[in-house]
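Trainee: below are the sequence and a predicted model for it; my questions follow.
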Amino acid sequence: MAGSLPSADLKVTILEEPSPKDYLQIGELAELSFIRFGHYREFITALVRERGVVTVIIREPVRQDDIVGFLLLGFIPVAGSYIADIMAIALEEAYQGRGLGKQLMDWAMEAVERVSRSKEVRELRLTVAHDNKPAVSLFRRYGFAFDRTTDLGNYPSGVPASSMKVYYYEDEE
Ligand SMILES: CC(C)(COP(=O)(O)OP(=O)(O)OC[C@H]1O[C@@H](n2cnc3c(N)ncnc32)[C@H](O)[C@@H]1OP(=O)(O)O)[C@@H](O)C(=O)NCCC(=O)NCCS
């Protein structure tokens with residue numbers, strides 16, 4: 001069973017030159033993970049192909065390098081600065097609750113921190129369902145708070161979508 005596999009072998013890596021199998025697996029994992037919100041297979045696969053979006057993954061070495069988790073991070077240029085956006089994060093169900101979500105988030109927070117040393121990053125944002133407890137408590141750990149000034153409406157399924165953000169401030173001159 002997945003629970004008995006050593007977590008030490010499960011590492012976050014940047015997805016470079018994805019294979020057709022990688023796209024299929026990410027699409028499938030997105031479809032299953034986000035089905036409560038709508039059909040996300042094509043949408044997430046298209047984002048992975050997009051320039052300016054970095055995809056990090058966790059592979060399962062015992063299972064032919066299958067992808068069991070991913071996170072997509074984008075940087076959106078806005079009036080001379082950037083908004084960083086965690087566009088998606090998901091782990092296969094059997095791999096949840098083992099600290100892998102934290103590993104993906106650690107990577108994203110460090111990446112944003114690195115970029116913010118040379119570019120102005122205004123904020124880091126993401127979209128979540130308010131009642132998605134595992135996700136909301138994970139994001140809170142990293143300093144995210146609900147942004148009630150942004151009305152994102154609903155996911156395609158009708159579930160309300162909420163915005164969570166971390167704000168970055170310019171150093172004092
Ligand atoms: C959200 C998700 C990525 C979390 O990943 P994970 O690997 O299970 O999380 P971790 O094991 O790293 O746990 C990290 C923290 O998340 C929170 N968390 C994880 N599972 C939780 C649960 N079932 N209930 C409450 N909090 C939970 C806790 O704060 C936890 O820290 P702790 O263990 O010190 O208490 C994962 O549950 C998932 O893929 N869900 C389905 C897809 C999804 O909803 N994605 C988010 C859409 S915005």
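Mentor: That came through, no problem. Numbers count the residues shown, from 1 in each chain.

Trainee: longest helix in this protein, by residue count?
Mentor: Across the chain, the longest stretch assigned as helix under DSSP state H is helix 100-118.

Trainee: could I have it exported to PDB, CA atoms only?
Mentor: The C-alpha trace of helix 100-118 is given here as PDB (Å, rounded to 0.1, in the frame of the first residue of the first chain):
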ATOM      1  CA  LEU A 100       3.900  16.200   0.800                       C
ATOM      2  CA  GLY A 101       1.600  19.200   0.500                       C
ATOM      3  CA  LYS A 102       4.000  21.100   2.800                       C
ATOM      4  CA  GLN A 103       6.900  20.100   0.600                       C
ATOM      5  CA  LEU A 104       5.200  21.500  -2.500                       C
ATOM      6  CA  MET A 105       4.300  24.700  -0.600                       C
ATOM      7  CA  ASP A 106       7.800  25.000   0.800                       C
ATOM      8  CA  TRP A 107       9.100  24.900  -2.800                       C
ATOM      9  CA  ALA A 108       6.600  27.600  -3.900                       C
ATOM     10  CA  MET A 109       7.300  30.000  -1.000                       C
ATOM     11  CA  GLU A 110      11.100  29.700  -1.600                       C
ATOM     12  CA  ALA A 111      10.600  30.300  -5.300                       C
ATOM     13  CA  VAL A 112       8.500  33.400  -4.700                       C
ATOM     14  CA  GLU A 113      11.100  34.600  -2.200                       C
ATOM     15  CA  ARG A 114      13.900  34.100  -4.700                       C
ATOM     16  CA  VAL A 115      12.000  36.000  -7.500                       C
ATOM     17  CA  SER A 116      11.100  38.800  -5.100                       C
ATOM     18  CA  ARG A 117      14.800  39.500  -4.500                       C
ATOM     19  CA  SER A 118      15.200  40.900  -8.000                       C
END
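
Trainee: burial count for whatever residue of the chain ends up closest to the ligand?
Mentor: Nearest residue of the chain to the ligand (Cβ to the nearest ligand atom) works out as residue 101 at 2.3 Å. C-betas here are computed from N, CA, C, even on glycine. Residue 101: 22 surrounding residues under other Cβ atoms under 10 Å.

Trainee: hang on, it packs against residue 138?
Mentor: Yes. Assessed by Cβ atoms under 8 Å, residue 101 is found in contact with residue 138 at 5.2 Å.

Trainee: counting contacts, what elements does the lengthiest strand in the chain pack onto?
Mentor: Longest strand in the chain, counting residues (DSSP state E): strand 66-78. Secondary structure elements in contact with strand 66-78, counted by 3 or more Cβ pairs under 8 Å, 6 or more residues apart in numbering; DSSP states H and E, are helix 20-33, helix 41-49, strand 53-60, strand 81-91, helix 100-118.
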